[in-house]
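Visitor: I need the structure of the sequence given here:
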Amino acid sequence: MSAASSANATRKTPSILIAAAGEDDRWKEAMVARLQDANIVTQCENYDPKTIDFALLWKQPQGLLKSLTGLQAIFSLGAGVDHVLSAPSLPTEVPVIRLEDAGMADQMVQYHLYAALHFMRDFDIYARQQAKADWTQHDVARISKCRVGVMGLGALGAAVATALTQLGFAVSGWSRTMKAIDGITTYAGAETLNEFLGQSDILVCMLPRTAETEGVLNGNTLSQLPKNAAVINAARGAMIVEADLLRLIDTGHLRGAFLDVAVTEPLPESHPFWDHSKIRITPHIAAATRIEESVDQIAENIDRISRGETPRGLVDRKTGY
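Guide: Numbers count the residues shown, from 1 in each chain. Model (predicted):
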């Protein structure tokens, strides 16, 4: 028997727990089809917590991780990992792994192209005119003169920035550390944030949720945007101080916002965003996790870990992504 065959023969069958906020059965069905030899259970089934090797989580119950004492890795079943990193019972030594794209980039690109064109082509203005039976026409701006700033240049942010550039927008990007993307002017670090904001006619927020990014778009930073700028946020609602955004729209500094996320979700029926003529709301649908693509990534990473290799998508707990 070869060394590889011997290693495969002695490799432990992985035990996998799924806790996916009401989607447990869908994830289990896909995982069973992909990893037929694995022991796969959902949080609603009977299982021995000490035997679980891998946890697949999305908005998991509080305290769940405390009982999983034999974990080799934790997988987040979405683009964000804040629901895992904020868990008080998160084991310090267990690696946390995020999904890389998994079909989300194309969806994010589509959403942001639509939202950016909404403002660039004055569709927000025409929607308000329609409510008043107003046929007034406006000059069509040159797309190359419309400056879009993408805040956050991870995998999804870079994909959005690149697509906006290809469509003809003048795109810049800002991130914590310097990134180089063809055709895009990039900024990095807190010392360049105001300069970046000051030349963004449309601001796109693609930041991950961390302690540093919560509330980063507040009265002070949003005021740095040019007068009549617009804000698009499909990242996390906690990035924006909602009262400050409303005030700057109502006082005329900002023309409006296109929001897929909110601080509280679902957005309460009494929230002023719902009825505001200058705010467009979508119910956190900009990019859904594609289960099939995600399962492939997870299975490949489980195989890497079993071979003693470093998994892809490993989260840096210090930065939060």
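
Visitor: quick one, strands of the stretch 151-300 of the chain?
Guide: Secondary structure of the stretch 151-300 of the chain (DSSP state E, counting those that start in this stretch): strands located at 170-175, 185-188, 202-205, 229-233, 254-259, 279-281.

Visitor: turn these into CSV, columns for distance to Lys132, mean pLDDT and mean neighbour count.
Guide: Every residue, glycine included, has its C-beta placed from N, CA and C. Shown next, in CSV, are the strands of the stretch 151-300 of the chain (distance: least, CB to CB, whole Å; pLDDT from 0 to 100; neighbours: other CB atoms under 10 Å):
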stretch, distance to Lys132, mean pLDDT, mean neighbour count
strand 170-175, 32, 99, 24
strand 185-188, 39, 98, 18
strand 202-205, 25, 99, 26
strand 229-233, 21, 99, 25
strand 254-259, 17, 99, 23
strand 279-281, 18, 99, 18
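
Visitor: need those in JSON lines with distance to Val148, can you?
Guide: Output for those, formatted as JSON lines (distance: least, CB to CB, whole Å):
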{"stretch": "strand 170-175", "distance to Val148": "5"}
{"stretch": "strand 185-188", "distance to Val148": "11"}
{"stretch": "strand 202-205", "distance to Val148": "5"}
{"stretch": "strand 229-233", "distance to Val148": "9"}
{"stretch": "strand 254-259", "distance to Val148": "12"}
{"stretch": "strand 279-281", "distance to Val148": "17"}
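
Visitor: relative to Met239, which of those is closest?
Guide: strand 202-205 (5.3 Å; CB to CB).

Visitor: can you list the strands that that closest one pairs with?
Guide: Next to strand 202-205 in the sheet, as set by DSSP bridges, lie strand 147-151 (parallel), strand 229-233 (parallel).

Visitor: nearest to Pro61, of those strands?
Guide: Proximity to Pro61 (CB to CB) singles out strand 229-233 among those, at 27.8 Å.

Visitor: who touches that closest one?
Guide: Where contact means CB atoms under 8 Å, 6 or more residues apart in numbering, the residues beyond strand 229-233 that reach it are 112, 115-116, 119, 124, 200-205, 217, 222, 225, 239-240, 245, 253-261.
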